[in-house]
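Colleague: Quick one, fold the following:
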Amino acid sequence: MDTDEFTLPKEVIDCLQNARRVVVLTGAGISAESGVPTFRDAQTGLWAKYDPQELATPQAFRNNPKLVWEWYAWRRDLIRSVSPNPGHLALARFEKKVPVFTVITQNVDGLHQIAGSQNVYELHGNILRFRCSKEGNTITEWIETDDVPPRCPNCGGFIRPDVVWFGEDLPSMTFSNAIRASQNCDLFLTVGTSGIVHPAASLPLAALDKGAMTVEINPNPTPLSTWMTHNLRGPAGIVLPALYNATWPTDNQAAC
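Modeller: Purely as a prediction, here's the structure:
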């Protein structure tokens, strides 16, 4: 696909160029373009016989912490082997142009930060971080032993991935900040998200309700599509760089 296959509405370009506050909600689609398997696509090889919804729960970790830890270790290795794609990089460039630019992500891979984005709200945590399963505090280092999972150096409890499992609440402060940003933005972009995972799917509607322009960037329609001000059909890695180039064309001339 090339940029001739979709149209960038002048209204979107003008809004982005003049916006004081922009919010972007990203989902699995943008990471899939980097080669990160979606939640279910990760079930291959030795893990094909497991239902991810049965592994990503507090109950699964209590019943078989070793199995859950090893599944997440395998997924971390997959993520460490990939890099941000042009969509991630374009969003990091947007942040330098817009006075208040916020990325709200449902992804746990940290690719936005690797790409250079600074203001990122991670609704579902980060698979590359760890916390104590008993005390909840962040763990950055521990003594290596034969224990799998490793033990918290403070209390001896098992260390777990710092992600949100099925049945757990989103981090309250993070989600409150995400709602506040959504309700106060001029432009809201939803990128590579299915539009079916709540409460994240409610954020673009909160922005729309407050008068923001809402734009969906996705190869395929989603349940949110009919509510959006504009729909740009295409992958993030093509549409976002094209949107940046159309909004700030002189940057490209300077780079030539």
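
Colleague: my read: Val68 touches Phe61, true?
Modeller: Yes. Counting by C-beta atoms under 8 Å, Val68 does reach Phe61; the two are 4.7 Å apart. Every C-beta, even on glycine, is put in place using the N, C-alpha and C of the backbone.

Colleague: Specify which residue of the two has the higher count of neighbours.
Modeller: Val68 (25 against 21; other C-beta atoms under 10 Å).

Colleague: who's in contact with the more buried one?
Modeller: Leu55, Ala56, Ala60, Phe61, Pro149, Arg160 (C-beta atoms under 8 Å, 6 or more residues apart in numbering).

Colleague: try 10 Å this time
Modeller: Shown in contact with Val68 (C-beta atoms under 10 Å, 6 or more residues apart in numbering): 50, 54-62, 149, 158, 160-161, 165.

Colleague: Thr193 in helix, strand or coil?
Modeller: Three-state assignment for Thr193 (DSSP: H, G, I helix; E, B strand; the rest coil): coil.

Colleague: Not counting its neighbours along the chain, what's nearest it?
Modeller: Gly27 (2.7 Å; C-beta to C-beta, 6 or more residues apart in numbering).

Colleague: For that neighbour, grab the count of nearby residues.
Modeller: 24.

Colleague: That one contacts Asn107, correct?
Modeller: Yes. With contacts counted by C-beta atoms under 10 Å, Gly27 reaches Asn107, the gap being 7.0 Å.

Colleague: Return every residue with contacts to both of those two.
Modeller: Shared contacts of Gly27 and Asn107, defined by C-beta under 10 Å, 6+ apart, comprise Thr38, Gly192, Thr193.

Colleague: Would you confirm that the first one contacts Ser31?
Modeller: Yes. With contact defined as C-beta under 10 Å, Thr38 counts as touching Ser31 (8.0 Å).

Colleague: Which residue of the two possesses the greater neighbour count?
Modeller: Ser31 (28 against 15).

Colleague: contacting residues around the residue nearest to that one when sequence neighbours are not counted?
Modeller: Residue nearest to Ser31 in three dimensions, not counting chain neighbours: Asn107, with 4.9 Å by C-beta to C-beta, 6+ apart. If a contact means C-beta under 10 Å, 6+ apart, then Asn107 has 26-32, 34, 36, 38, 79, 88, 120, 122-127, 192-193 as its contacts.

Colleague: Filter those down to the buried ones.
Modeller: Those of the contacts of Asn107 that meet the buried threshold are 26-32, 34, 36, 79, 88, 120, 122-127, 192-193, by 16 or more other C-beta atoms under 10 Å.

Colleague: joint contacts of Val68 and Phe61?
Modeller: Leu55, Pro149, Phe158, Arg160, Pro161, Trp165.

Colleague: Look at the second one and report its pLDDT.
Modeller: So that's Pro149. Pro149 is assigned 97 on the pLDDT scale.

Colleague: Secondary structure element for the closest residue to it other than its chain neighbours, which one?
Modeller: Computed as C-beta to C-beta, 6+ apart, the closest residue to Pro149 that is not its neighbour in sequence is Trp69, at 4.0 Å. Assigned by DSSP states H and E, Trp69 belongs to helix 65-80.

Colleague: same question, Phe101
Modeller: Counting by DSSP H and E, Phe101 is found in strand 100-105.

Colleague: could you pull out the helices for this structure?
Modeller: Taking DSSP state H as the criterion, the chain carries its helices at 10-18, 28-32, 52-55, 58-63, 65-80, 86-97, 111-115, 172-183, 203-209, 236-247, 249-255.

Colleague: show me the contacts for the residue nearest to Thr193.
Modeller: Shown in contact with Gly27 (C-beta under 10 Å, 6+ apart): 38, 105-107, 190-197, 200-201, 218, 222, 236.
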